[in-house]
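A.B. asks: Here is a sequence together with a model predicted from it:
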Amino acid sequence: MDWGTELWDQYEIIDKHTQWGLDLVEKYVKFVKERTEIEQNYAKQLRGLVKKYSPKRGTKEDQECKFSQSQSFVDILNEMNDYAGQREVVAENMMMNICIELTKYSQDIKQERKMFLLEGRKAQQYLECSFKQLDSSKRKFEREWREAEKAALNAERLDQDINATKADVEKAKQQAHLRTHVAEECKNEYAAQLQKYNKDQNSFYFTDMPQVYNKLQDMDERRVKKLREGYHTFAETERRVMPIIGKCLDGITKAADNANEKKDALTLIELHKSGFQRPEDVEFEDYSQAINRATSESSLGTPKAPSDLRPIGKNKSKLWPFSKNKKLPPPPLLPLTPHSLAANGPPSPKFSRDPLSYCLNEINKTVKPRISSFRSLKRATAFTEDFSHLPPEQRRKKLQQKIEELNKERQKEVDQREALDKMKDVYQKNPQMGDPNSLEPQISQTSNNIERLQAERQKYESWLADAEGRLVHRSETMRYTVHRESAPSLNNNNGSHSKDSPDSAHSDDSNQDNSSQPIYAEFEDDFEDEDSVLPIGQCTAVFHFDGASEGTISMREGEVFSVVEEDKGDGWTRVRRVNGDEGYVPTSYVKIALHRK
């Protein structure tokens with residue numbers, strides 16, 4: 001079934017239908033364009049959202065990326081950025097494969113439809129012209145036939161009229177004969193025009209217009225087929241990016257799984273562990289006996305001092321590292337009156353100085369020197385080149401980071417010098433390419449930079465060795481310090497020396513000198529007998545560790561090591577592989593099982 005046979009008389013319907021089809025194509029193109037605009041705006045908003053929440057370089061948020069939860073959020077932002085890119089791909093493919101293609105095809109279809117309709121209009125005009133000729137010949141034949149009938153009746157009337165002359169009768173008969181002859185010619189012409197019109201009409205309705213209608217049908221079917229392809233492309237464009245979008249969603253899921261609460265807790269320890277020891281107990285100081293300080297725990301049984309005589313608030317502030325108060329006002333100290341001195345016995349020789357200064361010195365000697373509290377660390381604003389203003393653990397990490405940066409800079413200079421040497425050799429072999437002496441200043445400058453970086457690296461390595469030495473031997477140092485400071489207290493409890501005697505004054509001065517020294521002594525690492533150290537246990541790696549710093553060793557999750565030296569309080573454990581490689585690993589990254597003694 002085709003339009004030429006079944007719709008031979010529905011020219012206007014076919015015209016309207018083909019026009020509606022073209023309008024539908026344009027409507028679909030407009031729909032896809034608006035869809036692409038939505039996709040582009042969506043992708044733009046997504047990228048703006050990702051940019052808004054992405055961490056800025058060198059800011060606090062960039063430091064927070066060391067935590068797995070923050071890194072997972074960054075990974076999610078990256079996946080969303082890729083997702084936005086896929087939305088842009090969808091918009092671009094729809095614009096190229098649907099909008100542009102259908103728009104171009106629609107223009108071609110319009111021209112083709114216009115040409116087919118013009119053919120049909122020409123055929124119709126030709127048929128109308130033929131019909132006009134037929135109608136004209138028909139009217140002429142009708143008019144001439146009537147005139148011939150009138151002429152015949154007039155001739156017959158004159159022939160019967162007795163009063164009419166013979167000449168009038170002959171003339172009327174000739175006129176009637178002439179009219180009849182003309183009528184016959186018009187009849188023949190009308191018959192010929194009728195035959196021609198019937199032929200043209202038959203050709204119009206059975207040949208010309210069916211061909212036009214069939215061409216329009218073929219054009220419309222091709223348009224529908226092209227539009228169907230556009231519908232398929234609409235879905236295929238979206239389906240093509242679904243695997244990549246699925247990967248983005250899988251990446252988001254993987255990023256969510258990478259958020260590890262245990263690892264973040266350990267990361268916080270690694271980032272902010274100071275390496276300080278907790279402060280020791282504050283010793284009791286008795287001011288009731290002429291400012292005689294208690295030297296042992298047994299002195300707690302002595303009568304209490306008046307409420308106004310308390311330890312200086314400066315030392316008390318160290319007991320509260322989490323306090324938000326910046327300063328605690330020192331409590332007032334009661335002046336010593338002659339009455340109180342008489343009640344407590346004769347004054348010691350030290351009272352020849354200012355009583356208030358003596359009290360402060362006594363209190364400073366009593367409070368054992370220790371590391372500054374967390375509050376004092378926060379107040380420190382002086383930054384030194386060797387990072388000595390930082391806690392030991394943080395100082396070691398900063399020094400390692402600085403050494404790595406110097407190594408990278410030195411490697412760049414070495415590579416540049418090698419390139420200059422190669423270029424110099426080429427110039428020497430081929431003088432036409434350049435003067436080898438022109439490279440001498442650059443080579444000299446590069447060599448000076450290498451020597452400078454080497455010197456700086458050695459300087460930072462010496463500071464790192466000092467920092468690691470302090471970290472490794474901190475436990476022994478603290479035990480030694482506690483034992484050294486507890487010895488005078490034991491002697492004072494046994495009553496071997498009196499505080500008011502000259503000998504005690506001499507010992508107090510020596511203790512005062514010792515208190516001004518740092519509490520942690522410096523020790524040098526000595527690994528001369530490393531191979532002779534027997535393992536004291538085994539450990540299993542819980543997390544992966546790169547071991548990029550000097551003195552450390554890399555490890556994989558699940559790898560087993562022998563423990564050579566346990567953690568001394570600095571967060572590092574010395575381990576040994578089966579092949580004999582040794583190094584330090586973070587204690588929190590391994591599970592240790594020591595041998596029973």
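C.D. replies: Sure thing, it's come through.
A.B. asks: Could you use CA atoms for every contact and neighbour count after this?
C.D. replies: OK.
A.B. asks: how about low-confidence regions in the chain?
C.D. replies: 58-63, 289-383, 470-532, 597 (pLDDT under 70).
A.B. asks: what residue is smack in the middle of it?
C.D. replies: Residue closest to the mean C-alpha point of the chain, counted by CA atoms, centre = their mean, is Asn78 at 3.5 Å.
A.B. asks: Distance-wise, check it relative to Asp421.
C.D. replies: Here Asn78 is placed at a distance of 43 Å from Asp421 (CA to CA, to the nearest Å).
A.B. asks: Spell out the residue ranges of the strands in this protein.
C.D. replies: 537-541, 560-565, 572-576, 582-586, 590-594 (DSSP state E).
A.B. asks: contacting residues around the nearest residue to Lys263 once chain neighbours are set aside?
C.D. replies: Leaving out its chain neighbours, the residue that sits closest to Lys263 by CA to CA, 6 or more residues apart in numbering is Ser68, at 7.2 Å. Applying CA atoms under 8 Å, 6 or more residues apart in numbering, we find Ser68 in contact with 258-261, 263-264.
A.B. asks: Got a quick PyMOL command for the buried subset of those?
C.D. replies: Buried members of these, defined by 16 or more other CA atoms under 10 Å, are picked up in PyMOL with:
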select buried, resi 258+259+263+264
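A.B. asks: before we move on, the earlier item: how about the residue nearest to the centre of the chain, what does it touch?
C.D. replies: So Asn78 contacts Val50 (CA under 8 Å, 6+ apart).
A.B. asks: do Ile536 as well
C.D. replies: 562-565, 594-595.
A.B. asks: Distance check, it against Met555.
C.D. replies: Here Ile536 is placed at a distance of 19 Å from Met555 (CA to CA).
A.B. asks: count of residues packed around the nearest residue to Ser562 once chain neighbours are set aside?
C.D. replies: Nearest residue to Ser562, sequence neighbours excluded (CA to CA, 6+ apart): Gln538, at 4.5 Å. For Gln538, the neighbour count with other CA atoms under 10 Å is 18.
A.B. asks: Ile245 now?
C.D. replies: 21.
A.B. asks: what's the offset of stretch 393-410 from the middle of its chain?
C.D. replies: Chain-centre distance of stretch 393-410: 27 Å, with CA atoms, centre = their mean, to the nearest Å.
A.B. asks: Check stretch 148-161 too.
C.D. replies: For stretch 148-161 - counting by CA atoms, centre = their mean - the centre lies 114 Å from the chain centre.
A.B. asks: how about that stretch: buried residues?
C.D. replies: Using 16+ other CA under 10 Å as the test for burial, stretch 148-161 gives 148-152, 154-155, 158-159.
A.B. asks: Just give me the closest of the residues you listed to Asp23.
C.D. replies: Nearest to Asp23 out of the buried residues of stretch 148-161 is Ala148 (CA to CA; 60.4 Å).
A.B. asks: Nearest residue to the closest one in space, ignoring adjacent ones along the chain?
C.D. replies: Closest to Ala148 by CA to CA, 6+ apart is Arg179, at 4.3 Å.
A.B. asks: Please tell me how far the one you found sits from Lys140.
C.D. replies: When Arg179 is compared with Lys140 (using CA to CA), they lie 12 Å apart.
A.B. asks: Which residue of the two possesses the greater neighbour count?
C.D. replies: Arg179 (21 against 18).
A.B. asks: I figured the more buried one was touching Glu147, is that so?
C.D. replies: Yes - assessed by CA atoms under 8 Å, Arg179 is found in contact with Glu147 at 6.4 Å.
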